[in-house]
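# Provide a 3D model corresponding to the input given below.
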Amino acid sequence: MGLIVVLEHRVQAVKESKIIQKLAPGWAWLTNGSRSNKSRIWILWNQTIIDFSLLSMSTQSMHGTIRILNTYTQFQLTVVYGLHTIQDRGGMWEDLRSICQSQQGPWLIMGDFNTILTATDKQNGSPVQERDVRDVKEMLFDTGLTEMQTIGTDYTWTNNTIYSKIDRVLVNAAWMNRWPNVYAMAMEPYFSGHSPLRVCVEANQVKHGKPFRFFNCLAEHKEFLPLVQAAWQHNDKAIMYTVWQLLKEVKHKLKVLNKKKYCSVDNTLEDIRQQLHDLQESMGPNLPQSSMIKAEKKFRGKLEKWGTIRESIYK
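This is a model prediction of the structure:
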């Protein structure tokens with residue numbers, strides 16, 4: 001991980017430095033806090049991996065150039081945090097139009113736009129009006145930006161009553177030509193009302209054999225110790241040769257276990273999420289049966305379990 005963006009942090013300007021240094025010690029950082037007391041954007045980056053040069057910032061956006069060190073990979077990044085009214089967000093749309101006129105090469109825009117794009121981006125709450133989506137659609141038309149494919153949860157924000165997709169990732173044509181297969185991931189929100197967005201950019205996308213990585217979740221699996229024990233008893237040759245061979249055998253068996261149980265964590269989470277969604281829809285507005293309540297609790301437990309496993313793998 002080379003760069004992190006934090007939005008709507010509600011931290012006072014005098015406390016920013018102390019908190020950021022605890023959050024990401026040794027990382028460089030910038031904030032738009034000097035623009036307005038409503039400004040809540042932090043950009044933090046690991047200087048051993050990323051070079052970030054700020055080009056412009058406003059109340060609702062920060063824009064700069066990212067260069068991935070030790071590669072020729074470079075693109076421009078705009079982080080946005082839209083304010084809460086249609087009138088206030090007008091400045092954000094103008095920021096993006098202005099950047100589009102001067103920007104060259106691949107361009108990535110991501111953040112909390114605080115507005116939906118279509119009526120299907122919202123569940124519950126007041127009906128979606130044409131004026132709610134007019135400004136963002138006009139901005140997309142004027143700039144030629146398009147939404148990056150996003151996997152994970154369909155709705156990126158909730159107050160446990162209303163569900164909506166207000167956090168998104170946009171790209172230009174140059175980005176699509178350079179990285180056509182890169183996608184965004186809307187991750188589990190856990191304690192937040194927002195789902196964090198993750199984009200992984202590689203200098204080249206040539207596939208190589210995956211190196212062996214020991215994931216902590218493997219050690220939690222019930223088959224872990226028996227597999228290690230069985231592998232370790234597999235050879236009886238010279239001592240050092242035996243150790244080498246046994247470690248190689250353990251590695252092989254753990255790779256098999258990982259492939260068997262954890263290689264499709266994202267699909268497993270999506271299946272559980274869909275089953276939970278279907279169950280909640282079937283419960284409807286009527287008083288649910290006790291069996292349905294138990295089933296919902298079970299699915300929520302599974303969702304939490306596999307979410308923790310996926311987080312462990314990413315770490």
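# close enough to count as contact, residue 49 and residue 68?
Yes. Residue 49 lies in contact with residue 68 (C-beta atoms under 8 Å); the separation is 6.9 Å. C-beta here means a position set from N, CA and C on the backbone, and glycine is covered the same way.
# Please say which of those two ends up with more neighbours.
residue 68 (17 against 13; other C-beta atoms under 10 Å).
# need the helices for the stretch 151-300 of the chain, in chain order.
For the stretch 151-300 of the chain, the helices defined by DSSP state H, counting those that start in this stretch occupy 173-178, 216-220, 224-232, 239-261, 265-283, 290-314.
# what do residue 49 and residue 68 both touch?
Common contact partners of residue 49 and residue 68 (C-beta atoms under 8 Å, 6 or more residues apart in numbering): residue 2.
# follow-up on the earlier one: which among the helices of the stretch 151-300 of the chain is found nearest to residue 202?
helix 173-178 (11.0 Å; C-beta to C-beta).
# Which residues does the closest one contact?
75, 104-108, 144, 146.
# Could you dump those residues into JSON lines and include distance to residue 171, neighbour count and pLDDT?
JSON lines is the format used below for those (distance: C-beta to C-beta, whole Å; neighbours: other C-beta atoms under 10 Å; pLDDT from 0 to 100):
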{"residue": "75", "distance to residue 171": "9", "neighbour count": "20", "pLDDT": "94"}
{"residue": "104", "distance to residue 171": "14", "neighbour count": "8", "pLDDT": "87"}
{"residue": "105", "distance to residue 171": "12", "neighbour count": "12", "pLDDT": "91"}
{"residue": "106", "distance to residue 171": "7", "neighbour count": "21", "pLDDT": "94"}
{"residue": "107", "distance to residue 171": "7", "neighbour count": "22", "pLDDT": "95"}
{"residue": "108", "distance to residue 171": "6", "neighbour count": "21", "pLDDT": "95"}
{"residue": "144", "distance to residue 171": "10", "neighbour count": "9", "pLDDT": "89"}
{"residue": "146", "distance to residue 171": "6", "neighbour count": "13", "pLDDT": "90"}
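# looking at the helices of the stretch 151-300 of the chain, which one has the lowest mean pLDDT?
Lowest mean pLDDT within the helices of the stretch 151-300 of the chain: helix 239-261, a mean of 76.
# Using CSV, write out the CA atom coordinates for that helix.
Taking C-alpha atoms only, helix 239-261 is exported to CSV below (Å, rounded to 0.1, in the frame of the first residue of the first chain):
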residue,chain,number,x,y,z
ILE,A,239,19.5,-33.7,8.8
MET,A,240,19.9,-30.4,6.7
TYR,A,241,18.5,-32.0,3.6
THR,A,242,15.6,-33.3,5.6
VAL,A,243,14.8,-29.9,7.0
TRP,A,244,14.9,-28.4,3.5
GLN,A,245,12.7,-31.1,2.1
LEU,A,246,10.3,-30.9,5.0
LEU,A,247,9.9,-27.1,4.8
LYS,A,248,9.3,-27.6,1.1
GLU,A,249,6.6,-30.2,1.9
VAL,A,250,5.0,-27.9,4.4
LYS,A,251,4.9,-25.0,1.9
HIS,A,252,3.3,-27.3,-0.7
LYS,A,253,0.6,-28.5,1.7
LEU,A,254,-0.2,-25.0,3.0
LYS,A,255,-0.5,-23.7,-0.6
VAL,A,256,-3.0,-26.5,-1.3
LEU,A,257,-4.9,-25.6,1.9
ASN,A,258,-4.9,-21.9,1.0
LYS,A,259,-6.1,-22.7,-2.6
LYS,A,260,-8.8,-25.0,-1.3
LYS,A,261,-10.2,-22.8,1.5
